[in-house]
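**Student:** Using only what follows, build the 3D model:
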Amino acid sequence: METALGLRERKKIATKTALYEAAMRLSVAHGYDTVTVEAIADSAGVSRRTFSNYFASKEEAMLYGDAMRLHALLDAVAARPEQESPWTALRGAARSALRELQRRRRDRDDNLDWLTCARVIRAHPALLSEQVATFASFERLLAAGIEARLPSDDSSPMRARVIASCFLGALRVGTQSWLDDDSGTPAVTFIDQALVEAGKAFP
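**Tutor:** Numbering: from 1, shown residues only. Model (predicted):
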């Protein structure tokens with residue numbers, strides 16, 4: 001994807017990523033409630049005005065990682081073989097995206113991994129509310145890709161939206177079950193189990 005982006009867009013993504021990571025690091029170190037927009041901007045080495053150019057709020061900055069992961073998932077769905085059914089493509093894309101997240105978690109040399117970020121978000125109602133909005137926006141994009149995979153005699157925007165909603169719900173349940181577990185079992189195990197259960201309604 002990066003090769004298809006212009007220099008300006010890559011710089012924009014780099015700045016947004018720096019602000020997101022600064023927000024998360026400060027929240028982990030000092031507690032989310034004490035972190036200010038000014039502190040995030042200072043930590044990322046940009047001005048308060050630059051922060052406002054990219055994010056409308058501290059909550060939006062904190063959820064940027066989720067937005068990026070969801071768009072990566074959308075790309076993974078689009079890359080699946082055209083002949084796959086919607087649910088098969090969704091499940092396969094989820095596995096690919098999770099493997100990439102696990103690889104990145106192993107490669108990081110700090111404590112800012114997916115598990116840590118997910119726990120920070122879950123602990124704060126304001127972030128959970130913002131996360132719901134992020135997922136709702138993504139649901140519409142995902143439904144468009146799903147509708148293109150449905151058989152012509154069983155295709156409708158409503159059915160595609162229902163499938164997208166069930167898929168994202170299963171991701172949420174699997175992720176929350178993983179966060180509740182302390183056995184060290186990989187996230188992919190919980191999420192795939194949730195997708196199997198949800199997928200029984202979509203042959």
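**Student:** Going by C-alpha atoms from here, please, whenever you check contacts or count neighbours.
**Tutor:** Will do.
**Student:** Show me the shaky parts of this structure.
**Tutor:** The model of the chain has pLDDT under 70 over residues 1-5, 105-111, 203.
**Student:** how does it divide into domains?
**Tutor:** Following automatic domain parsing, the chain resolves into domains at 2-57, 63-199.
**Student:** where's Phe167, which helix or strand?
**Tutor:** Element membership for Phe167 (DSSP states H and E) is helix 157-180.
**Student:** Tell me the buried residues in that helix?
**Tutor:** By 16 or more other C-alpha atoms under 10 Å, the buried positions in helix 157-180 come out as 160-161, 163-171, 173-176, 178-179.
**Student:** And the contacts of it?
**Tutor:** 87, 90, 115, 118-119, 135, 139-140, 142-144, 146-147, 150, 185-187, 190-195, 198, 202 (C-alpha atoms under 8 Å, 6 or more residues apart in numbering).
**Student:** Tell me who's in contact with Ala44.
**Tutor:** Going by C-alpha under 8 Å, 6+ apart, the list of residues near Ala44 reads 18-19, 22.
**Student:** what's the answer for Glu38, then?
**Tutor:** Contact analysis of Glu38 by C-alpha under 8 Å, 6+ apart lists 47-48.
**Student:** which residues of this structure fall in helices?
**Tutor:** 7-30, 37-44, 48-54, 58-62, 64-78, 86-107, 114-122, 125-149, 157-180, 187-199 (DSSP state H).
**Student:** coming back round to it: quick one: the helix holding Phe167 to chain centroid distance?
**Tutor:** Computed by C-alpha atoms, centre = their mean, to the nearest Å, the chain-centroid distance of helix 157-180 equals 12 Å.
**Student:** could you give the angle of that helix to helix 86-107?
**Tutor:** 30 degrees (axes from the mean of the first three to the mean of the last three C-alpha atoms, to 10 degrees).
**Student:** so helix 157-180 versus helix 187-199, what angle?
**Tutor:** Using the same axes, to 10 degrees: helix 157-180 against helix 187-199 is 140 degrees.
**Student:** Alpha carbons of helix 157-180, as PDB, please.
**Tutor:** Output in PDB follows, covering the C-alpha atoms of helix 157-180 (Å, rounded to 0.1, in the frame of the first residue of the first chain):
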ATOM      1  CA  PRO A 157     -27.400  -4.200   1.000                       C
ATOM      2  CA  MET A 158     -29.300  -5.300   4.100                       C
ATOM      3  CA  ARG A 159     -28.000  -8.900   4.000                       C
ATOM      4  CA  ALA A 160     -24.400  -7.600   3.500                       C
ATOM      5  CA  ARG A 161     -24.800  -5.200   6.400                       C
ATOM      6  CA  VAL A 162     -26.100  -8.000   8.700                       C
ATOM      7  CA  ILE A 163     -23.100 -10.200   7.800                       C
ATOM      8  CA  ALA A 164     -20.700  -7.300   8.400                       C
ATOM      9  CA  SER A 165     -22.300  -6.600  11.700                       C
ATOM     10  CA  CYS A 166     -22.100 -10.200  12.800                       C
ATOM     11  CA  PHE A 167     -18.500 -10.400  11.800                       C
ATOM     12  CA  LEU A 168     -17.500  -7.400  13.700                       C
ATOM     13  CA  GLY A 169     -19.500  -8.600  16.700                       C
ATOM     14  CA  ALA A 170     -17.700 -11.900  16.600                       C
ATOM     15  CA  LEU A 171     -14.300 -10.100  16.500                       C
ATOM     16  CA  ARG A 172     -15.300  -8.000  19.500                       C
ATOM     17  CA  VAL A 173     -16.500 -11.100  21.500                       C
ATOM     18  CA  GLY A 174     -13.300 -13.000  20.600                       C
ATOM     19  CA  THR A 175     -11.100 -10.100  21.500                       C
ATOM     20  CA  GLN A 176     -12.900  -9.500  24.800                       C
ATOM     21  CA  SER A 177     -12.600 -13.200  25.700                       C
ATOM     22  CA  TRP A 178      -8.900 -13.000  25.000                       C
ATOM     23  CA  LEU A 179      -8.500 -10.000  27.200                       C
ATOM     24  CA  ASP A 180     -10.300 -11.800  30.000                       C
END
